[in-house]
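Enquirer: Provide a 3D model corresponding to the input given below.
(3 chains)
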Amino acid sequence: MAGSFGPGPLPDSADVVVIGGGVVGCAIARELSRFDLSVVLIERSPDVATGTSKANSGILHAGFDADPGTWKARLNVRGSRLYAELSEGLGIPRKATGSLVVAKDAAQMETVAELRHRGIDNGVPGLEIWTRDQVIAHEPNISPDMAGALWAPTGAIVCPFLATVGFAENAIRNGVRIVTECTVTGIDMADRQIVGVRTTRGRIATRFVVNAAGLHSGEVARLAGDDSFTIKPRRGEYILFDRSVGQLVNTVLFPTPDKVSKGILVAPTVHGNVFIGPDATEIDDPEDRETTAAGLGGIIAGARRIVPGLPLGTAITEFAGLRAAAGKDFIIGPSPAARGLVHAAGIQSPGLTSAPAIGEVIVEMLQDVGLRLKPKASFVPVNPEKPRFHDLDRESQALLIASDPLFGRVICRCETITEAEIVAAIQSPCGARTVDGVKRRVRAGAGRCQGGFCGPRVTAILARELGIPITAIRKDSIDSWLFLSRATLEAGEASHA
Amino acid sequence: MREFSYDVVTIGGGPAGMAAALAAREAGAARVLIIERDRELGGILQQCIHNGFGLRRFEEELTGPGYAHRYIDMVRASDIDVWLDTTVLAAEPDGVITSVSPHAGMTIVKAKSVVYAMGCRERTRGAIRTPGSRPAGVFTAGAAQRMVNMEGYLPGKEVVIVGSGDIGLIMARRMTFEGAKVKAVFEIMPYSNGLTRNIVQCLEDFGIPLYLGHSVTAIHGKDRVTGVTVAQVNDRLEVIDGTAFDIACDCVLLSVGLIPENELGRAAGLALDPITGGALADQFRQTATPGFFAAGNVLHVHDLVDWVSEEAAIAGRSAARHAQGELPLSGSQRSVAVGEGLRTVVPQRLSAFEQGKMSVRFYFRAAKPMGASLLQFWADGVLAFERKLRVVKPSEMIVADIPVRKIGDAATLEFRVLPAPEKIEADDEIEEEA
Amino acid sequence: MMARVVHAIQCIGCPIGCGGEVIVENGSVSEMTGFTCNKGLAYAAEEVVSPKRMVTTTVRVSGGSLGLLPVVSASPVPKERIFDCLRLLRGMSVAAPIAEGTIVVSDALGLGVDFRAARDISSVQ
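Expert: Next up is the predicted model:
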């Protein structure tokens, strides 16, 4: 089966249907694409990585937080290793920055020591307790009001969108079909065995379904008569700073954690920005991504406790992300109610880190419930490299323009993104369909002007490359159209008259 | 990689770049080049289709494209080289400029003098930290202006405008003309940041309410914008409890300030003024990097393009003289300070005066609106010059020529604006120097 | 009894934006204060009797390097007729090439006002 990406058509049948195109669903699909199987991934949005995967801390945790023996503990450490192996080949930007858990006083130093022991139990390599002086030498901008820290050399940062896109693209290259703008409306069962999935784009017959529906995984489970868990969305707010202050911190800086969360962190991004956040607010609406004055004020106060000289004037955007929390641990395993349904649900932190490891265990579980796996000789584990103009030296840049003149037209001036890169992002197997999709793949519009200059140009390139009118171009979600034609208003005016 | 050499290169082909290039050529620079990123000259003027440009420069009222056209015609009639669709990647302090374009590939230009003329960009929602969701339908006013005026698409039907900058006011009228309903303009400050004429002819003419001292405290909507929450603020700009109300809309346009687009300079270590966001420049518009000049909105954000053209001509002439080795080297520079009542001044530095120079023109922005005022120039702690101003508004630049003899060789130079003791009927005229 | 009305007028003639008063007695202007140039006086006097505005908008272009042509009224349009002019222009399309200053509509709606092209637009094959 040839892989594909886009809004349909939905195939009549598949060996496995994965519900949800977040980092977890895409990593699972990619793991399944190693085998001789027909795999269809269903995603309700026009793009992958539009739920929890689009707005999170982008951190590859070392793995000392979770209690030994939990899914979180096991999959975090394994996932962290897998990213180190996979990232380059899949085109996933990753930086091995290390991380520090900063202790303010002697009591927190005890907590930090406990974390170290837990980490050793979980198999985290290289953990060290650092003195105050060691921390300051490594992080000159840190608040001197602290006692020391836990240093985790395997802590790293990653681009969460490009991680998802990297897995998705590789899955597609290996035959997975991703059907977007397709919402699951029902799951067909025969004698407690899954036999098909009903969607807004028709029905697909299958005996195996992976529930990776993130914030909506509880609803998907219930469609199969499984009410074994409920998702409680937890919102976290963030502030992102300009690359001009990228030198503020060198590593991921955590405060010493409390019971609820890992606390407000200050961390670099793989693209050279700095962010602060997240807080943790339990909400009811799984689509409520509003930031609040109180929330933003809270994360600023929290971040200042670690880095007092926070350059607030260089903030370029604020956003909120949602974690699909469902209890203490991930919910990974066969549904107690429906044969053929396997959950990869309740994936909160360290879900991004764990994603490739979740892919491995889900495939094992599918095998356990009867899916036959035959390795595919044609499996290609890597994606072709995509040149990033901005990162190259002048000579390589000149060669690129000679190969494709569109590398000579800079569309996003803040991040120096060329038209050729934008066209490639649209024409790739897991190609961008929306303005935010372009931004997440190549960072056009992700800089300090936030698309003020390049937004209209990116919109025009999308329309040209996709062969659709400007009025059909969307920002992100299905109904997030950006522009009206003048005729629309003329008609409106006439009808009022 | 092809290599070229020029006497003067302007980076940017908007009003500043064109005026600088023309003045440089006129002042004797033999080889002058304009590098422009867009596919035509004119810069932001091409999307500013409203009228009101050029009253000072051409003594008639032109549209933005009309004003640009005057300069484009002059550039075309000259032997100035123009590279369109070309982006400068770097301008090193030694005058080596690397640029790229689809047609010419990567090109190296060695310039004797460089004029920064990259203009400015709009402040974004992130910069003003407006909470809420991130739906489609939130645009900076300038981005929306380009879509409406040059591409022919509309950003929404029911519009709320945040900030009362001129582009926002102009867009209120433009959207009304296109059949949209502009529900209100919200300005957090107790005064408008736009020109009075724009409040009259863009808002009052169409009954669009302007709420001063109001802040948009949240933007709502999941796919498209569905509305905003607004509240009154106190004099510390904090939200006043119990004043919040909601307005339904499908589009939010932001007009909350402009920032000089100085990334090239910053990458090359250019010394910047933290208040203007532009370079520190002397009366020749030479920056702290020798041979690098700056003009227009990349130096400081202007209210009128006429001033941009005038300033760019200074920069262009100076760049030509530098290329010819004639610009007096500033042995010691004096800094110019702003005190009470003022926020910015350009130039911020004074180099040695040229022979025969009678006065130096300064451009200011006021810190707050004031009625009848006195602009004062203090040299070494002594009041050396005073100019009457009928009214002072932060949205409008104050321009003053200070006679060289009043500046003398004073070490400390400071400007202030104070309330005038009596009503002033008319501003003191700016003395034009022949 | 004499009808005496005081109009507060904000001049839009130039960016200075003078504010003044125009006093109308029995239908004619009797006194003006606060305006600082002749242009402002003329504007203020007209503003209370028959307000006018310059109008700028765009019209569609066929075969051009751009899809829209900015146009400007050659002289001010009576305020109450602005939207009529916009409606007229909205329905129009002009063919490239177009030179700046070309009259796109002459004597729009019999108001005696021409609309002119505000820029050049070249044609594309």
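Enquirer: grab the most central residue of chain C for me.
Expert: Closest residue to the average C-alpha location of chain C: residue C:54 at 1.6 Å, with CA atoms, centre = their mean.
Enquirer: just checking, it touches residue C:78?
Expert: No. The criterion here is CB atoms under 8 Å, and residue C:54 misses it with residue C:78 at 11.8 Å. In short, each C-beta sits where N, CA and C put it, glycine included.
Enquirer: chain B contacts on the stretch 301-450 of chain A?
Expert: Residues of the stretch 301-450 of chain A lying close to chain B by CB under 8 Å from any CB of the partner chain are A:315-320, A:394, A:397-398, A:401-402, A:405-410, A:413-414, A:416, A:419, A:448-450.
Enquirer: contacting residues around residue B:118?
Expert: By CB atoms under 8 Å, 6 or more residues apart in numbering or on different chains, residue B:118 lies in contact with B:11, B:12, B:260, B:261, B:262, B:264, B:298.
Enquirer: also residue A:179?
Expert: A:6, A:7, A:8, A:9, A:10, A:40, A:41, A:42, A:43, A:199, A:201.
Enquirer: could you flag which of those residues are buried?
Expert: A:10, A:40, A:41, A:42, A:43, A:199, A:201 (16 or more other CB atoms under 10 Å in any protein chain shown).
Enquirer: just flag the most distant two among these.
Expert: Using CB to CB, the pair of the buried ones among the contacts of residue A:179 lying farthest apart is A:41 and A:201, separated by 12.9 Å.
Enquirer: for chain B, what's the nearest residue on chain C?
Expert: Chain B sits closest to residue C:17 of chain C, with a gap of 3.0 Å, by CB to the nearest CB.
Enquirer: double-check that residue against residue B:196; I have them as touching.
Expert: Yes. Using CB under 8 Å, residue C:17 is in contact with residue B:196, at 3.0 Å.
Enquirer: find residues that contact each of those two.
Expert: Residues touching both residue C:17 and residue B:196 (CB under 8 Å, 6+ apart): residue C:10.
Enquirer: next, count neighbours for residue 81.
Expert: If you meant another chain, say so; for now it's chain A. Using other CB atoms under 10 Å in any protein chain shown, residue A:81 has 17 other residues around it.
Enquirer: that's the wrong chain, I meant chain C
Expert: Residues near residue C:81, counting by other CB under 10 Å: 18.
Enquirer: measure residue A:283 to chain C for me?
Expert: Computed as CB to the nearest CB, to the nearest Å, the residue A:283 to chain C distance reads 44 Å.
Enquirer: quick one, what contacts the residue nearest to the centre of chain C?
Expert: B:51, B:61, C:72, C:73, C:75, C:76, C:77.
Enquirer: mind redoing it with 7 Å?
Expert: For residue C:54, the residues meeting the contact criterion (CB atoms under 7 Å, 6 or more residues apart in numbering or on different chains) are B:51, C:72, C:73, C:76.
Enquirer: please apply the same query to residue A:41.
Expert: Counted by CB under 7 Å, 6+ apart, residue A:41 has contacts A:18, A:21, A:25, A:29, A:176, A:178.
Enquirer: let's see it at 10 Å
Expert: For residue A:41, the contact set (CB atoms under 10 Å, 6 or more residues apart in numbering or on different chains) comprises A:5, A:14, A:16-21, A:25-26, A:28-30, A:32, A:48, A:168, A:171-172, A:176-180, A:182, A:210, A:212.
Enquirer: and if you look at residue B:314?
Expert: Counting by CB under 10 Å, 6+ apart, residue B:314 touches B:19, B:20, B:23, B:281, B:283, B:284, B:285, B:286, B:293, B:295, B:347, B:361.
Enquirer: same list, these, but as JSON lines with pLDDT and distance to chain A please.
Expert: Formatted as JSON lines, the contacts of residue B:314 follow (pLDDT from 0 to 100; distance: CB to the nearest CB, whole Å):
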{"residue": "B:19", "pLDDT": "98", "distance to chain A": "22"}
{"residue": "B:20", "pLDDT": "98", "distance to chain A": "20"}
{"residue": "B:23", "pLDDT": "98", "distance to chain A": "26"}
{"residue": "B:281", "pLDDT": "96", "distance to chain A": "21"}
{"residue": "B:283", "pLDDT": "95", "distance to chain A": "29"}
{"residue": "B:284", "pLDDT": "95", "distance to chain A": "28"}
{"residue": "B:285", "pLDDT": "97", "distance to chain A": "23"}
{"residue": "B:286", "pLDDT": "96", "distance to chain A": "24"}
{"residue": "B:293", "pLDDT": "98", "distance to chain A": "21"}
{"residue": "B:295", "pLDDT": "97", "distance to chain A": "19"}
{"residue": "B:347", "pLDDT": "97", "distance to chain A": "24"}
{"residue": "B:361", "pLDDT": "95", "distance to chain A": "30"}
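Enquirer: one step back: give me the common contacts of residue C:54 and residue C:78.
Expert: residue C:113.
Enquirer: where does the stretch 51-200 of chain B get nearest to chain C, residue-wise?
Expert: In the stretch 51-200 of chain B, the residue that lies nearest chain C is residue B:196 (3.0 Å; CB to the nearest CB).
Enquirer: and that residue, how many neighbours does it have?
Expert: That count, for residue B:196 with other CB under 10 Å as the rule, works out to 20.
Enquirer: what's the spacing between it and residue A:403?
Expert: Residue B:196 sits 54 Å away from residue A:403 when distances are taken as CB to CB, to the nearest Å.
Enquirer: same thing with residue B:394?
Expert: Computed with CB to CB, the distance linking residue B:394 and residue A:403 is 51 Å.
Enquirer: picking up where we left off before, which strand residues bridge the residue nearest to the residue nearest to the centre of chain C when sequence neighbours are not counted?
Expert: Nearest non-adjacent residue to residue C:54, counting by CB to CB, 6 or more residues apart in numbering or on different chains: residue B:51, 4.9 Å away. Residue B:51 has the following beta-bridge partners by DSSP bridges: residue B:63.
Enquirer: is it true that residue B:51 touches residue C:77?
Expert: No. Counting by CB atoms under 10 Å, residue B:51 does not reach residue C:77; the two are 11.9 Å apart.
Enquirer: so what sits against both of those two?
Expert: Jointly contacting residue B:51 and residue C:77 under the rule CB under 10 Å, 6+ apart are C:53, C:54, C:55.
Enquirer: domain-wise, how is chain C divided?
Expert: C:4-49, C:56-117 (automatic domain parsing).
Enquirer: same check, this time on chain B
Expert: If you go by automatic domain parsing, chain B breaks into B:2-121+B:259-327, B:124-256, B:337-419.
Enquirer: between the ones you listed, which one is nearest to residue C:25?
Expert: Using CB to CB, the domains of chain B put domain B:124-256 closest to residue C:25, at 24.3 Å.
Enquirer: how far out from the middle of the chain is that closest one?
Expert: Distance of domain B:124-256 from the chain centroid (CA atoms, centre = their mean, to the nearest Å) equals 21 Å.
Enquirer: now do the end-to-end distance for it.
Expert: In domain B:124-256, first residue to last residue: 7 Å (CA to CA, to the nearest Å).
Enquirer: can you give me the mean pLDDT across it?
Expert: Mean pLDDT, domain B:124-256: 95.
Enquirer: the chain: helices as residue ranges?
Expert: If you meant another chain, say so; for now it's chain A. Secondary structure of chain A, counting by DSSP state H: helices at A:23-32, A:71-90, A:106-122, A:132-138, A:160-173, A:217-223, A:293-306, A:351-368, A:394-403, A:419-427, A:435-442, A:455-466, A:486-496.
Enquirer: oops, chain B please
Expert: In chain B, the segments counted as helices under DSSP H are B:15-26, B:64-77, B:125-128, B:141-146, B:166-177, B:196-198, B:263-267, B:305-323, B:404-407.
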